[in-house]
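Asks: Give me coordinates for this.
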Amino acid sequence: MTHPTSENAAPLLTEQRLASVPLFSTLRIYRREWLKADTLAGLSVAAVQIPTAIAYASLAGLPPMAGLYAAILPLVAYALLGSSRQLIVGPDSATCAMIAAALAPLAIAGTQHYTDMSMLLAIMVGLLSILGGIMRLGFIADFLSRPILLGFMNGVALSIIVGQLGKLSGIALDARDPFLVLLELSGRLADAHWPTLTLGALALGLLAFCSWRLPRLPGPLAIIVLLSLATWLFGLDKLGIQVVGAVAGGLPTFSLPQVGLRDAQAMFGEAVAIALVSFCSAMLPARSFAAKNRYRVYPNQDLIALGTANVTSGLSGGFVISGADSRTAINDMVGGKTSMVNLATAIFTALAVLLLDGGLAWIPTAALGAVLIIAALKMIDFAAVRDLARISPFELRVSLLATLGVLTLGVLPGIILAVLLSLVKQLRLVARPRDAVLGEVPNGSRLFNVAHYPAASSPMGVLVYRFDASLLFFNSDYFRERLRVLISHSAQPISAVVLDAQPITTLDITGALMLEEVQAELASEGIMFCIAGAHGQFRELLERSGLAEKIGAQHLFATSLEAVNRLRAEFHARAQAAETTSHQEPSHEPLRH
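Replies: Numbering: from 1, shown residues only. The predicted model follows:
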């Protein structure tokens with residue numbers, strides 16, 4: 001199949017167009033041949049979305065129809081407002097796990113109050129997302145780094161797998177924490193219900209085979225239908241195999257959840273966390289497939305689109321939705337061209353709700369557990385973990401800590417831990433940034449890091465120091481100590497220090513005071529202090545603080561190379577003057593200022 005490119009797909013949307021309805025811009029240039037591709041992609045996605053939505057509803061503690069409702073009207077909302085052509089929205093494992101964690105202390109699963117609270121949570125997440133889009137907070141898509149999000153998703157996947165072992169074995173487990181579940185399960189293996197275990201193992205084997213040998217086949221749908229039919233024909237429920245049971249059907253209708261203000265207050269923190277993760281999870285596949293197909297997505301617009309989809313889901317009996325990476329991959333693989341695929345998926349899902357209403361009652365819960373386990377296994381990115389181990393061991397440790405946090409503290413506390421780890425990581429990079437001593441190469445037109453270029457050497461008597469971060473209150477002492485160490489360990493006497501300020505974009509008052517103290521300290525030792533490449537806010541504060549005047553305009557340079565050349569000429573002129581005055585042989589040591 002071909003994929004949309006800059007030549008054969010919709011032109012890039014502008015921010016002005018995105019402020020209205022992006023789908024209208026797509027329809028104005030829509031080609032007839034795209035309709036077949038979008039319809040086929042919608043059918044393929046719906047074949048996976050239908051059983052997955054039912055399984056994820058079970059994961060969230062909600063009835064099957066809630067999952068299907070979350071896969072109809074929200075897709076229409078995103079198709080209208082979303083900026084991604086490939087992204088498919090719908091029930092998502094991570095958000096469903098977070099829903100269950102958020103609602104467990106507040107309501108009893110299976111009750112109407114629990115369903116109403118889930119609807120309220122979706123509306124709150126949606127309103128927060130819309131507000132974020134209006135306030136142009138789309139940059140939060142970068143807030144959780146990929147290693148942090150990788151660790152979080154791996155932790156959620158492992159939690160889901162462990163959480164489905166009870167359904168698969170037919171053992172009613174009391175424990176909820178993953179490690180406690182494993183401990184309880186290991187002591188109750190004799191209580192396994194063998195018909196349920198056999199059916200669950202069969203479902204797992206069939207799903208794994210389809211994923212391995214028949215990736216284009218909608219395996220989850222085919223296997224759910226097959227096992228439901230077998231349960232109905234052979235009365236497997238009479239053997240003790242649990243089934244979903246009768247559910248109220250029909251197409252979704254709009255209604256307000258029967259909840260109060262106190263319920264909303266109790267879930268506000270969880271709604272913020274879920275909105276953050278839902279958006280970040282959606283942006284990963286959206287950006288990945290946009291880069292692959294050569295177009296742009298607009299995070300602020302997608303915040304509004306996802307928010308509207310979540311509000312729609314809450315009002316129509318669904319729950320919180322997000323971007324679905326596996327279904328997005330199917331859409332791209334089959335050749336979906338535009339966001340019309342979301343509309344096609346919603347139509348096919350609605351038809352399934354009307355036609356398969358009675359059949360839902362015969363779905364074995366063990367089969368749903370198997371679908372969730374296979375979906376969770378696909379969430380675990382072993383290749384990314386290996387890459388982290390090879391490229392960045394520190395980020396691997398952070399990712400593993402995020403995974404452990406989800407497994408031990410729970411999904412929502414794990415999110416908080418992941419956010420804190422992101423902040424700690426960024427603070428560490430800024431508080432202890434990379435730095436370099438710069439040197440010359442023969443006939444070179446710029447300076448190089450002497451640690452990376454063996455041919456580079458420090459200019460005689462001059463230390464050129466580059467600090468690769470802004471100078472702020474929490475790294476100013478580190479800057480001072482690093483400079484002292486470099487001066488004391490220099491193989492040659494230092495007559496001048498040049499601060500290469502190109503990477504320094506920001507300076508606060510603490511950093512300015514530190515630079516003033518460094519300049520005075522160096523002057524007392526007869527060493528000139530110069531700054532090269534000062535720009536932006538850094539230079540503005542240098543001037544406002546009076547530090548630029550104290551350093552002297554003659555010691556402020558455009559580039560470090562200019563500073564080295566000027567200082568070399570000055571040292572040479574002083575050496576000649578000293579020779580003329582003393583009538584002695586010139587010294588080869590650099591002069592002190």
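
Asks: So for stretch 125-144, mean pLDDT?
Replies: Averaging pLDDT along stretch 125-144 yields 88.

Asks: Now that stretch: buried residues?
Replies: 125-130, 132-133, 137-138, 141, 143-144 (16 or more other Cβ atoms under 10 Å). For every residue, glycine as well, the C-beta is placed using N, CA and C.

Asks: And the residues you listed, which two are furthest apart?
Replies: The largest separation in the buried residues of stretch 125-144, counting by Cβ to Cβ, is between 127 and 144 at 21.2 Å.

Asks: Can you tell me which of the buried residues of stretch 125-144 is closest to residue 46?
Replies: residue 126 (22.9 Å).

Asks: Contact partners for the closest one?
Replies: 306, 307, 308, 309, 310, 311, 312, 313, 314 (Cβ atoms under 8 Å, 6 or more residues apart in numbering).

Asks: could you redo the last one with a cut-off of 10 Å?
Replies: Residues near residue 126 by Cβ atoms under 10 Å, 6 or more residues apart in numbering: 74, 77, 271, 275, 278, 304, 306-315, 320-321.

Asks: Among those, which are located in strands?
Replies: Among those, no residue falls in strands (DSSP state E).

Asks: Surely residue 433 and residue 426 touch.
Replies: No - counting by Cβ atoms under 10 Å, residue 433 does not reach residue 426; the two are 11.0 Å apart.

Asks: thinking residue 87 is in contact with residue 321, fair?
Replies: No - using Cβ under 10 Å as the test, residue 87 is too far from residue 321 to be in contact (11.5 Å).

Asks: list residues touching both of those two?
Replies: With contacts taken as Cβ under 10 Å, 6+ apart, the residues that reach both residue 87 and residue 321 are 78, 282, 306.

Asks: could you dump these to CSV with pLDDT and neighbour count?
Replies: Shown next, in CSV, are these (pLDDT from 0 to 100; neighbours: other Cβ atoms under 10 Å):
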residue, pLDDT, neighbour count
78, 96, 30
282, 90, 33
306, 97, 34
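
Asks: from the residues you listed, which single one is nearest residue 443?
Replies: Distances from residue 443 to the shared contacts of residue 87 and residue 321, taken by Cβ to Cβ, are shortest for residue 282, at 52.2 Å.

Asks: gap between that closest one and residue 77?
Replies: As for residue 282, its distance to residue 77 is 13 Å (criterion: Cβ to Cβ, to the nearest Å).

Asks: Tell me the confidence at residue 18?
Replies: pLDDT at residue 18 comes out at 41.

Asks: next one: residue 2
Replies: On the pLDDT scale, residue 2 is placed at 41.

Asks: Who are the contact partners of residue 396?
Replies: Applying Cβ under 10 Å, 6+ apart to residue 396 gives the contacts 147, 150, 151, 384, 385, 386, 387, 388, 389, 390.

Asks: Repeat that for residue 100.
Replies: Going by Cβ under 10 Å, 6+ apart, the list of residues near residue 100 reads 58, 59, 60, 61, 62, 109, 114, 118, 159, 163, 176, 411.

Asks: do that again at 8 Å, thanks
Replies: 59, 60, 61, 109, 411.

Asks: which residue packs closest to the fourth one, ignoring adjacent ones?
Replies: The one in question is residue 109. Nearest residue to residue 109 in three dimensions, chain neighbours excluded: residue 61, at 3.4 Å (Cβ to Cβ, 6 or more residues apart in numbering).

Asks: and the one you found, what element?
Replies: Using DSSP states H and E, residue 61 sits within no helix or strand.

Asks: Filter the contacts of residue 396 down to the buried ones, ChimeraX style.
Replies: Buried residues within the contacts of residue 396, by 16+ other Cβ under 10 Å, are selected in ChimeraX with:
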select :147,150,151,384,385,388
